[in-house]
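Engineer: here is a sequence with its predicted model. Questions after.
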Amino acid sequence: MFKPIGSLIEGIAARSRVPKAILALQIRTIARKALADSCQDLDSEILEAVRVTSFDGKTLKITAPSLVCAELHLRSEGLKKEINKTLGKKVISSLRFRAC
């Protein structure tokens, strides 16, 4: 039987600091997929410039060119919802975009 990722993460995250790093890597991977799915209308070169830089436990920080940041900000609620849906619970409370 398969368990939702969120239920697995919940058990792991309470045990030690190492799983927090694992959680951050999982969130980075999920965020990259959510960006690719929700921004299919953007050129692939543009999406390659977008970087998921850090996660502090609530806020996911993303770096991108300035015009792309503005576009992603408009899509932020959908991105946040998609990431949390994949995780199986509300892990991301906000997205912060920074121009590179």
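Structural biologist: Ah, there it is.
Engineer: and Thr53, how many neighbours?
Structural biologist: Look at Thr53: counted by other Cβ atoms under 10 Å, it has 14 neighbours. (C-beta placed from N, C-alpha, C; glycine too.)
Engineer: one more: Thr59?
Structural biologist: Number of residues near Thr59 (other Cβ under 10 Å) recorded here: 12.
Engineer: which residue packs closest to it, ignoring adjacent ones?
Structural biologist: Closest residue to Thr59 apart from its sequence neighbours, by Cβ to Cβ, 6 or more residues apart in numbering: Ser94 at 4.9 Å.
Engineer: now the one you found: how far from Pro19?
Structural biologist: In this structure, Ser94 and Pro19 are 22 Å apart, going by Cβ to Cβ, to the nearest Å.
Engineer: next, give phi and psi for the residue nearest to Thr59.
Structural biologist: For Ser94, the backbone dihedrals (degrees, to the nearest 10) come out as phi -160, psi 160.
Engineer: go on, Pro65?
Structural biologist: phi -60, psi 150.
Engineer: residues making contact with the helix ranked longest in the chain?
Structural biologist: Secondary structure of the chain read by DSSP state H shows that its longest helix is helix 18-38. For helix 18-38, contacts defined as Cβ atoms under 8 Å, 6 or more residues apart in numbering pick out 5, 9, 12-13, 47, 50, 52, 54-55, 57, 60, 62, 72, 75, 78-79, 82-83, 86-87, 91-92.
Engineer: drop anything exposed from those.
Structural biologist: For these, a burial check counting by 16 or more other Cβ atoms under 10 Å picks out 9, 50, 52, 55, 60, 62, 72, 75, 79, 82-83, 86-87, 91-92.
Engineer: and the gap between the residue most central in space within the chain and Thr63?
Structural biologist: Residue closest to the average C-alpha location in the chain (Cα atoms, centre = their mean): Ala31, at 3.0 Å. Going from Ala31 to Thr63 by Cβ to Cβ gives 12 Å.
Engineer: for stretch 65-73, C-alpha coordinates in CSV please.
Structural biologist: Provided in CSV are the C-alpha atoms of stretch 65-73 (Å, rounded to 0.1, in the frame of the first residue of the first chain):
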residue,chain,number,x,y,z
PRO,A,65,15.3,37.1,-14.0
SER,A,66,13.3,40.1,-13.0
LEU,A,67,10.5,39.8,-15.5
VAL,A,68,10.1,36.2,-14.8
CYS,A,69,9.9,36.9,-11.1
ALA,A,70,6.9,39.2,-11.9
GLU,A,71,5.3,36.5,-13.9
LEU,A,72,5.9,33.9,-11.2
HIS,A,73,4.5,36.2,-8.6
